[in-house]
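> Attaching a predicted model along with its sequence, questions to come.
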Amino acid sequence: MNHLRMPLHLLLTLTLALLSLTQAAAADDIVFREIGTLQKECPASGSVQYEWFVYNDQNSSFLVEVSVTPLSGPGWSSDLNQPIYVLEPGESAFVNLTVTASTEVGSKTVNQTLLFLFTDLNNYTASGFNRTSRISTEMIPTWGLLAPGKNKLLGRYDSPLPAPLDSNYVTFLLNMGIWAGIALILAFVVNPAVHYFTKKTKTDLDDRVLKIVHKPIFLLVIIYGLVSSLSILQLTEHEVRITFEVYGIFLIAIVTYIVYKIFKEIVIYLGKRWAARTKTDIEDVLIPVMEKIGALVILIFGAIAIVNYLGYDITFLLAGVGVFGLVIAFAAQDALSNFFSGIFMLLDRPFVEGDFVLLTSGETCRVDKIGIRSTRLYDVFQNNHVVLPNNKLVNDKIVNLSEPDQQSVAEVVVSVAPGSDIEKVEYVLLGVAKRHKEVLQELGKDPAVRFSNFGESALEFKLSIWVPDFMTKVRVAHELRKEINRRFAEENIELAVPRRSVQIKEMKK
C-alpha cells in the first residue's frame, strides 16, 4: 500500500505543477501594454487620457475585468470607456481611462491604481491572474503662460539667487521687478523714440494713436507681469480662477477704453475735419449725435462682454434691453419722430438755414436753425421767432420762397363798374405796371392783365407782375394800387361799388 501511495502522491504533485505552469503560460501569452506615460498634467476644466492595450494570444477565451481605485481629492473624476471585455483567441482591446479636473479641485495631484483581472472562460476551475497599473495626474491651471509652482523667471530661467533666496516668494518679487523694468523701458525709452519719428510725418493721426495706446500698454505690461509672477506661487485653483477672472475683466476694460478713445479722438476727429470742408450742415448736426450714441454703444458692449465673460447668460439681459428699448421708443415716439424728421430734412434738404419759407398758416419766415428735434424760424413780418417740431415741417406743405431764386409773383385784383371800356382798363393797368422801376420786364416775366371774372355788379381784372425780390412784392403791390387808383380817376374809369336794389311793394288794405 505504501508503495502504491507514493506514485499517487507524486502524480498529484506533478498535476498541480502542470496546472501552475499552464496558468503561467496563459499569463505570459496575454499581451498587456501601457501606452504612453502614466504621469500626466491635466489643465483645470480639462481632461487627460490614459490607454492600455490587451491582446489574447491563447486558444481560450478570456474575461477581462478592469477596476480603478476612487479618486481621493474633490473636483476630480475618472471614467473607464468599458470595464468588462471578452477576448476571443486572437482578439485585442484598448482600455481607456479619462481623468477630468474641474476648477474646484481639492488637491493638485491624485494617484490611482487600475486592476486588470483575467479569467479563463474555458477553465472555470483555474484561478485568474491580474495586472496592475499606477497612474499619477497633476493639475495645472489654464490661465497665463506660466504654470503655477514653477520656480522660473519669465517662465524659463532658473533663479540666479542662492539658497534660501531661491524660494518661490523671492522669485516672485524678482520676476515682478523684471516686468516693472520692461514697462519702464517701454514708457521712457521706446515711446519717446517712436514719438520722435511720428512727429516727422505729415499727419497727426499716428501721434494721436500713440497717445491713446501709451498708458494702456504700460498698464497691460504691469498687470500681465503681476499675473505671470503670481503663477510662480503655489496657488489653489480657486485663487487662480479669481485671479484669472479679474485679469480678464481688466483686459476687456482696457480694450473697451482703447476702442472708445479711438472712436472719440480718431473717428470723430476725422468726421469733424471732413465736415469743415463740406458746404452742407448735415455733418455738423449728425457728427455730435454720432459721437454721443457711438460712445454709449461702445460702453454697453464692453459691459455685456464682461457679463458674458463671467459666465452669466446674457440672453435674458439682451431681451430685457430690447423690451426696455421698445418701452422707451413707445414713450418717446414723438421725440423719435422729430429726431428722424430732422435727419430726413438734413438729408433731403427741402430748405437750408437762411432760406425763406411760407408756412401753411400764411407766415413768411426765415429758417434760422435746423435742429435734431425742432426747427427755429423767424417771422419776417411779425418780428418774432417760431419754433416748430420737425415732424410738422416734414408732413406739412412748405413753400420755399428762396428756391429757385428770390424772384416772385405779385397780383393786384381790380374791379370796375359794369359797362367800362375793357381795352382801356387793360391799357391803363399795363401802363402802370411797366412804368414801375421794380417790376421785371423780361421775356416771359413781363406784366400781364387778365379779365378774370364777371363779379357781382363788377368786371374783375387781375394784374400779374414779377418782382426781383419776394420781400418787396407787398410794397410794390401797394404802390401799384395807389397809381392805379390815380390813373383810373384821370381816365374816368369807375371802380365797382356793390349795389343793392330795394323794391317796396304797397300792401293792399
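Yep, that arrived. Residues are numbered from 1 along each chain as shown.
> going forward, measure contacts and count neighbours with C-alpha atoms only.
Will do.
> any chance you could map the helices in the stretch 151-300 of the chain?
When secondary structure is read from DSSP state H, counting those that start in this stretch, the stretch 151-300 of the chain shows helices at 168-185, 191-198, 205-230, 237-262, 268-277, 282-309.
> Residues in a beta bridge with the nearest residue in space to K40 that is not next to it in sequence, which ones?
Nearest non-adjacent residue to K40, counting by Cα to Cα, 6 or more residues apart in numbering: T137, 5.1 Å away. Counting by DSSP bridges, T137 forms beta bridges with K40, V110.
> what residues are up against T137?
Going by Cα atoms under 8 Å, 6 or more residues apart in numbering, T137 touches 39-42, 99, 109-111.
> now N111
With Cα under 8 Å, 6+ apart as the criterion, the residues that contact N111 are 71-72, 134-137.
> any idea which of these is the one closest to I35?
The nearest member of the contacts of N111 to I35, counting by Cα to Cα, is I135 at 11.9 Å.
> Give me the angle between the helix or strand hosting that closest one and helix 237-262.
Element membership for I135 (DSSP states H and E) is strand 129-140. Orientation of strand 129-140 against helix 237-262 (axes from the mean of the first three to the mean of the last three Cα atoms, to 10 degrees) gives an angle of 40 degrees.
> Now strand 129-140: buried residues?
The neighbour-count check on strand 129-140 (16 or more other Cα atoms under 10 Å) flags 137-140 as buried.
> of all the residues you listed, which two lie farthest apart?
T137 and I140 (9.8 Å).
> which residues do these two both contact?
With contacts defined as Cα under 8 Å, 6+ apart, the residues shared by T137 and I140 are 41-42.
> Just the buried ones from the contacts of T137?
The neighbour-count test (16+ other Cα under 10 Å) applied to these identifies 40, 42, 99, 109-110 as buried.
> Does V449 lie in a helix or a strand, and which?
strand 448-455.
> Restrict that strand to CA atoms and write it as PDB.
As requested, the backbone C-alpha atoms of strand 448-455 are provided in PDB (Å, rounded to 0.1, in the frame of the first residue of the first chain):
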ATOM      1  CA  ALA A 448     -49.900 140.600 -67.800                       C
ATOM      2  CA  VAL A 449     -53.500 141.600 -67.400                       C
ATOM      3  CA  ARG A 450     -56.400 139.100 -67.500                       C
ATOM      4  CA  PHE A 451     -60.100 139.800 -67.500                       C
ATOM      5  CA  SER A 452     -60.700 137.200 -64.800                       C
ATOM      6  CA  ASN A 453     -64.400 137.200 -63.900                       C
ATOM      7  CA  PHE A 454     -67.800 138.800 -64.000                       C
ATOM      8  CA  GLY A 455     -68.300 139.700 -60.500                       C
END
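> Tell me which residues are up against it.
Outside strand 448-455, the residues that touch it by Cα under 8 Å, 6+ apart are 415, 426, 429-430, 459-465.
> what's the angle from the helix or strand just after that strand to strand 448-455?
Next in sequence after strand 448-455, counting helices and strands by DSSP H and E, comes strand 458-467. Note on geometry: by the same axes, to 10 degrees, strand 458-467 and strand 448-455 are set 150 degrees apart in direction.
> Could you list the low-pLDDT ranges of the stretch 351-500 of the chain?
Low-confidence segments of the stretch 351-500 of the chain, defined by pLDDT under 70, span residues 499-500.
> ok, which stretches of it are strands?
Assignment of strands within the stretch 351-500 of the chain using DSSP state E, counting those that start in this stretch yields the ranges 356-358, 364-370, 374-379, 384-389, 399-400, 408-416, 448-455, 458-467.
> Make CSV from those and add mean neighbour count and distance to Y169 to it.
Putting the strands of the stretch 351-500 of the chain into CSV (neighbours: other Cα atoms under 10 Å; distance: least, Cα to Cα, whole Å) gives the following:
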stretch, mean neighbour count, distance to Y169
strand 356-358, 21, 79
strand 364-370, 21, 67
strand 374-379, 20, 66
strand 384-389, 14, 69
strand 399-400, 18, 80
strand 408-416, 18, 90
strand 448-455, 15, 104
strand 458-467, 21, 94
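> between the ones you listed, which one is nearest to T243?
strand 374-379 (51.9 Å).
> Look at the residue nearest to Q82 when sequence neighbours are not counted and say how many residues are nearby.
When the adjacent residues along the chain are set aside, Q82 lies closest to V95, with 7.0 Å between them (Cα to Cα, 6+ apart). Neighbouring residues of V95 were enumerated by other Cα atoms under 10 Å; the total is 19.
> does V95 count as helix, strand or coil?
Reducing the assignment at V95 to three states with DSSP: H, G, I helix; E, B strand; the rest coil gives strand.
> Spatially nearest residue to K261 (excluding sequence neighbours)?
Closest residue in space to K261, ignoring its immediate chain neighbours: I212 at 6.6 Å, by Cα to Cα, 6+ apart.
> Could you double-check that that neighbour sits in contact with K264?
No. Using Cα atoms under 8 Å, I212 makes no contact with K264, being 10.5 Å away.
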